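J.: Pasting the sequence and the predicted model now:
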Amino acid sequence: MIQKIPNKPAVLLVEDDYEQADLVQRGLQQSGFRVAAVRDVRSALHRLALESFEVIVSDLSLPGMKGDEFLRHIRQMEPEMPFLMLTGSQDVKTAVQSMHDGADEYLIKPVTPGTLSSKVREAIERRQQSLADSKRYLNAEMSRLIAFLRGVHAIVNALETKCRYTRDHSKKVAQSAVLMARHVPGMDKMAVREIRIGALLHDIGKIGIPLTILHKVGKLDDAEWKEIKRHPEYGVNILKPLGRYYPEVLGIVRHEHERWDGRGYPDGLSGTEIPLGSRIIMIADTYDAVCSTRPYRKALPKEAALDIIRKGAGTQFDPSLVPIFEKVLPELPMPRY
Ligand SMILES: [Fe+2]
């Protein structure tokens, strides 16, 4: 549905010719627009910083910065702002170029007030329509994404609940990984979100491993180990649809078992070749494993996990992340006995 245009849409008119500006201004006002008229781009930018406008009408040939340059500037600042270019008949070539640069319309002077008003109105409506369309599209995409995430999360839960030793494992790893990620310098919100999703889903590929291997109490033989080590690749396969929205997540999941010294799997990456999220999860995962009860031993205290992670700095773990782990240790989930 097209949003209702406010009663008096505000037009910013940039025209250096007084007579022309006066004519246009009066015409637009009579058609129900509120008009702020300025003579050059400098003043236009000043007004734009102070007020909000629904549309810009600008002459092409202006003193100082020209209309086409102004348009390119506006497209960078406010891509959705309707922009109409007024031009003399000798400027048609530049005017055509300005359509390529994103002008909604160009009008050759002299323009009758009636034509200008209806073009301005149409430009506003078109922009609102396209905004509404992209919002609808985004909403539909978001719902699909949320449904997918719920689905895969349900699989992880089902997988972990089957075994009392791994219950809530991924949730705890995600909690610890996010706490650590927030302390990494230069980390932005999106990166933290991807690490959280990567941690929540890091072991989803285990769904592809036979339960006889996954829950085997005794020692695994070589073939069984080989199969277990395939779970990051299975995980990436399952999570492929996420790649469109969170491209980093697939890399994080694929490499969560890579070691700092290059002796991990599946690709033997080392050091900073390993995605940062995977390096963080490697520590968070170890912490949860040490601090959880296993069939063959009780959960160990936080200090034991710290000791193991410190000793593995530079071999298994990224040494620059170990101090961050130490810093957040008091906030990490308590061991589960
Ligand atoms: Fe894993």
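T.: Now that the structure is in, tell me what you want to look at. What you are looking at is a predicted structure, and each value in this text was computed from that prediction instead of being measured.
J.: Just want the most central residue of the chain.
T.: Centroid-nearest residue in the chain, with CA atoms, centre = their mean: M190, separated by 5.3 Å.
J.: Please identify the helix or strand for it.
T.: helix 189-200 (DSSP states H and E).
J.: Show me what the following helix or strand past that helix is packed up against.
T.: In the C-terminal direction, the helix or strand that comes right after helix 189-200 (DSSP H and E) is helix 211-214. Applying 3 or more CB pairs under 8 Å, 6 or more residues apart in numbering; DSSP states H and E, one finds that helix 211-214 contacts helix 222-228. C-betas here are computed from N, CA, C, even on glycine.
J.: now whichever helix or strand comes after the helix it packs on against helix 189-200, angle please.
T.: Next along the chain after helix 222-228, taking DSSP H and E as the criterion, comes helix 231-239. Angle, helix 231-239 to helix 189-200, by axes from the mean of the first three to the mean of the last three CA atoms, to 10 degrees: 120 degrees.
J.: what's the offset of helix 231-239 from the middle of its chain?
T.: How far helix 231-239 lies from its chain's middle: 22 Å, per CA atoms, centre = their mean, to the nearest Å.
J.: Looking at stretch 32-45 now, give me its mean pLDDT.
T.: Mean pLDDT, stretch 32-45: 93.
J.: List the buried residues of that stretch.
T.: Going by neighbour count (16 or more other CB atoms under 10 Å), the buried part of stretch 32-45 is 33, 35-41, 44-45.
J.: Which of those sits closest to D261?
T.: L45 (55.0 Å; CB to CB).
J.: Need the three-state assignment for that closest one.
T.: Secondary structure state of L45, per DSSP: H, G, I helix; E, B strand; the rest coil, is helix.
J.: tell me the contacts of it?
T.: Counting by CB atoms under 8 Å, 6 or more residues apart in numbering, L45 touches H73.
J.: re earlier: would you mark the buried spots in the helix holding M190?
T.: Buried, per 16+ other CB under 10 Å, within helix 189-200: 192, 194-200.
J.: Specify which member of these is nearest to R167.
T.: Checking the buried residues of helix 189-200 one by one against R167 (CB to CB), the nearest turns out to be L200, at 14.3 Å.
J.: I'd like the distance between the closest one and S176.
T.: 12 Å (CB to CB, to the nearest Å).
J.: Equivalent analysis for L269, please.
T.: 22 Å.
J.: okay, these two: which has more neighbours?
T.: S176 (26 against 19; other CB atoms under 10 Å).
J.: from memory the more buried one sits against A284, does it?
T.: Yes - S176 lies in contact with A284 (CB atoms under 8 Å); the separation is 3.8 Å.
J.: in the stretch 1-150 of the chain, which spans are helices?
T.: 18-30, 41-50, 67-77, 92-100, 113-161 (DSSP state H, counting those that start in this stretch).
J.: okay, now the domains of the protein?
T.: Per automatic domain parsing, the structural domains of the chain span 10-135, 162-331.
J.: Of the ones you listed, which is nearest F148?
T.: domain 162-331 (5.7 Å).
J.: so how far is that closest one from its chain's centroid?
T.: The answer for domain 162-331 is 23 Å, by CA atoms, centre = their mean.
J.: ditto for stretch 96-110
T.: 33 Å.
J.: average model confidence for stretch 72-91?
T.: Mean predicted confidence for stretch 72-91 is 84.
J.: Would you mind writing the CA trace of it as PDB?
T.: Only the C-alpha atoms of stretch 72-91 are listed here, as PDB (Å, rounded to 0.1, in the frame of the first residue of the first chain):
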ATOM      1  CA  ARG A  72      25.900  12.400  -7.000                       C
ATOM      2  CA  HIS A  73      26.500  13.700  -3.600                       C
ATOM      3  CA  ILE A  74      22.900  13.300  -2.600                       C
ATOM      4  CA  ARG A  75      22.800   9.700  -3.900                       C
ATOM      5  CA  GLN A  76      25.700   8.900  -1.600                       C
ATOM      6  CA  MET A  77      24.100  10.500   1.400                       C
ATOM      7  CA  GLU A  78      20.400   9.700   0.900                       C
ATOM      8  CA  PRO A  79      19.900   7.100  -1.900                       C
ATOM      9  CA  GLU A  80      16.200   7.200  -1.500                       C
ATOM     10  CA  MET A  81      15.600  11.000  -1.800                       C
ATOM     11  CA  PRO A  82      13.500  11.900  -4.900                       C
ATOM     12  CA  PHE A  83      15.600  14.200  -7.100                       C
ATOM     13  CA  LEU A  84      14.300  16.200 -10.100                       C
ATOM     14  CA  MET A  85      16.700  18.000 -12.300                       C
ATOM     15  CA  LEU A  86      15.700  21.200 -14.100                       C
ATOM     16  CA  THR A  87      17.700  22.000 -17.200                       C
ATOM     17  CA  GLY A  88      18.000  24.400 -20.100                       C
ATOM     18  CA  SER A  89      17.500  22.800 -23.600                       C
ATOM     19  CA  GLN A  90      21.300  23.100 -24.300                       C
ATOM     20  CA  ASP A  91      22.100  20.900 -21.300                       C
END
